[in-house]
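*Asks:* Sequence first, predicted coordinates after that:
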Amino acid sequence: MRHTRTLTFSSCLTLSLAACGEDSGLSISDTANITTLNPTVPGTTTSGVDDPTVGDTTEQSGTMGESESATEPTSGTTADVTATGTTTEDATATDGPATDGTTDATTTTDGTSSTTDDTTTGDATTGDIDECQAPATQPPCDEAGDDIFKAIGLNCSDNPAMAIPIKNPVIMAPDTSSYRVATHFGTAKDPMDPNQWAWAPKEGSRFLVIGSGTFPNLEADGGLVEQNGQDTQPNGNPDDQTQLPGVMHHEMGSNNGAGGTPFMNCDGVHDCSDTIANQWNGIGAGVAHDVFYMSFDLDVPQGTHGYLLDFVYFTEEWPNYVNATVNDMLIVWSTSETFTGNVTFIDEQPLTVTALDPYMTILPGDPRLAGTGFPGDDEGAATGWYTAKGSAAPGETFTIAISVFDLGDTVWDTVGILDKFRWDCMGCVPNEVDSCGIIPQ
């Protein structure tokens, strides 16, 4: 079954709110030699962890199953900040939370919802489990330090009314030069605002940069700057991997594992989007190198049906290796009861060099690639910012995993920027057209 997905363009404002709480996460220095951070012990958090226990690298399991959500999705949402610091949504196509398939929200001429519906914040004051109890305010806490979870908006505190706590954090990246927590990427300025960096955080003051190569040390201002051609070298992360890392699987998972019905009847283990298999084996070489992997568990607030995460994809392989066995991937994976598999797909295609060929909009020679290591005359490109939109079941505990790796080679590198993880009250329905997936900004 083929589902056509219409991409809705939107814009985002960077959230600049007060810092929250005390430092309670994992930093690069804390995790320099950690492969797995005790993933098998339930109920643990990173709060107050100064010396995390090193565990094994066995596969995690999460709560997974068939899609059951019937909540109407939202599309193209972007965040604004009110005078009180509460985030509100600036929606281009906002559907209300009706359970009968109807919509009850419209869009005004200024692009804002004409109702009080807010897809990323909730109101836990009534105690009604049907109310979205996602944080009404979520101040960033990445203003100092190099904690990779705080850098993307997670684990600012243990208080779920003010933050998004995590459990069972995992970092399988022994080469710590494969990731950086940075204030900006590259040296280019925003074409619309020369006082801002072209690649700047979407919330707070830092974001996470991950790659299949190695990164230099940060600049004095916390920025990550690379020389031309620097993204053409291997790192010390795992090579020769014939399976995806951690909880991920490249095999089709729809139709109870038989495949052929993307986003429907997930088998709870394999990729229910059916997007990875062909890119992994059919086009790619089926062997991953320089593998970066991280994961964490989340308790979904009552009344909350999904989540959002912003990202950019850069690669040195475009355009020379489109439709080649060299086919680097960036994957964000979910083990929710509502959906199991890859949640970063465009028109049912994952984030690979080949699949993203039509979506590479920042091309070789673009000034926005200055200082990223990708500004070659005929190779190296980026997608621009996108938002991954996934589903979840209120009250469940599930795993999010993130990986980037070279596929079929150890030379030409790929980089992802990740930022601004947040809950999405309305969420999305994976097997509905124009619901879950990726939204360009």
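*Replies:* That came through fine. Numbering: from 1, shown residues only.
*Asks:* excluding its backbone neighbours, what's nearest Ala401?
*Replies:* Excluding its sequence neighbours, the residue lying closest to Ala401 (CB to CB, 6 or more residues apart in numbering) is Ser295, at 3.8 Å. The C-beta positions use only the backbone N, C-alpha and C, and glycine is treated the same way.
*Asks:* And the one you found, how far from Gly371?
*Replies:* Distance, Ser295 to Gly371, using CB to CB, to the nearest Å: 30 Å.
*Asks:* neighbour count winner among the two?
*Replies:* For Ser295 and Gly371, the more surrounded residue by other CB atoms under 10 Å is Ser295, and the numbers stand at 26 against 22.
*Asks:* Now that one: which helix or strand?
*Replies:* For Ser295, the enclosing helix or strand under DSSP states H and E is strand 288-299.
*Asks:* so what secondary structure elements neighbour that strand?
*Replies:* In terms of contacts (3 or more CB pairs under 8 Å, 6 or more residues apart in numbering; DSSP states H and E), strand 288-299 is packed against strand 167-172, strand 207-211, strand 397-407.
*Asks:* CA atoms only for it, dumped as CSV, please.
*Replies:* This file holds the C-alpha atoms of strand 288-299, laid out as CSV (Å, rounded to 0.1, in the frame of the first residue of the first chain):
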residue,chain,number,x,y,z
ALA,A,288,27.6,-0.4,8.5
HIS,A,289,30.8,1.3,9.7
ASP,A,290,31.7,4.1,12.1
VAL,A,291,28.4,3.6,13.9
PHE,A,292,27.2,6.2,16.4
TYR,A,293,24.2,5.0,18.6
MET,A,294,22.3,6.5,21.5
SER,A,295,19.0,5.7,23.1
PHE,A,296,16.8,6.5,26.1
ASP,A,297,13.5,5.5,27.6
LEU,A,298,10.5,7.9,28.1
ASP,A,299,7.4,7.8,30.2
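*Asks:* residues of it that come out buried?
*Replies:* Using 16 or more other CB atoms under 10 Å as the test for burial, strand 288-299 gives Ala288, His289, Asp290, Val291, Phe292, Tyr293, Met294, Ser295, Phe296, Asp297, Leu298.
*Asks:* swap in stretch 186-205?
*Replies:* Across stretch 186-205, burial judged by 16+ other CB under 10 Å covers 186-189, 197-205.
*Asks:* from those residues, which is closest to Ala393?
*Replies:* Using CB to CB, Glu203 comes nearest to Ala393 of these, at 25.2 Å.
*Asks:* For the closest one, give the beta-bridge partners.
*Replies:* For Glu203, the beta-bridge partners are Leu15 (DSSP bridges).
*Asks:* before we move on, the earlier item: most packed of the helices and strands packed on strand 288-299?
*Replies:* Among the helices and strands packed on strand 288-299, strand 207-211 has the highest mean neighbour count (mean count of other CB atoms under 10 Å), at a mean of 27.
*Asks:* Okay, angle between it and strand 288-299 too, please.
*Replies:* Relative orientation of strand 207-211 and strand 288-299, computed by axes from the mean of the first three to the mean of the last three CA atoms, to 10 degrees: 150 degrees.
*Asks:* now the next helix or strand after strand 207-211: mean pLDDT?
*Replies:* Counting by DSSP H and E, the next helix or strand C-terminal to strand 207-211 is helix 276-277. For helix 276-277, the mean pLDDT works out to 95.
*Asks:* For Ala324, see how far away Thr410 is.
*Replies:* 15 Å.
*Asks:* Show the contacting residues for the residue lying closest to Gly373 once chain neighbours are set aside.
*Replies:* Spatially, and ignoring its direct neighbours in sequence, Gly373 is nearest to Glu226 (3.3 Å; CB to CB, 6+ apart). Contacts for Glu226 (CB atoms under 8 Å, 6 or more residues apart in numbering) come out as Gly186, Phe215, Pro216, Gly371, Thr372, Gly373.
*Asks:* The first one touches Arg368, doesn't it?
*Replies:* This points to Gly186. Yes: taking contacts as CB atoms under 8 Å, Gly186 lies within contact range of Arg368: 7.4 Å.
*Asks:* Mutual contacts of those two, please.
*Replies:* Ala198, Trp199.
*Asks:* Report pLDDT for Leu407.
*Replies:* Listed pLDDT for Leu407 reads 94.
*Asks:* From Ile417, how far out is it?
*Replies:* Taking CB to CB as the measure, Leu407 falls 20 Å from Ile417.
*Asks:* Where does pLDDT dip in this protein?
*Replies:* The model of the chain has pLDDT under 70 over residues 1-118, 121-129, 229-232, 376, 433-434, 440.
*Asks:* In a helix, Ser334, correct?
*Replies:* No: assessed with DSSP: H, G, I helix; E, B strand; the rest coil, Ser334 is strand; it does not lie in a helix.
*Asks:* what's the neighbour count on it?
*Replies:* 30.
*Asks:* same thing with the one 10 residues further on?
*Replies:* Thr344 has 26 neighbouring residues, counting by other CB under 10 Å.
*Asks:* Would you agree it is in contact with Leu330?
*Replies:* Yes: at 6.7 Å, Thr344 counts as touching Leu330 under the criterion of CB under 8 Å.
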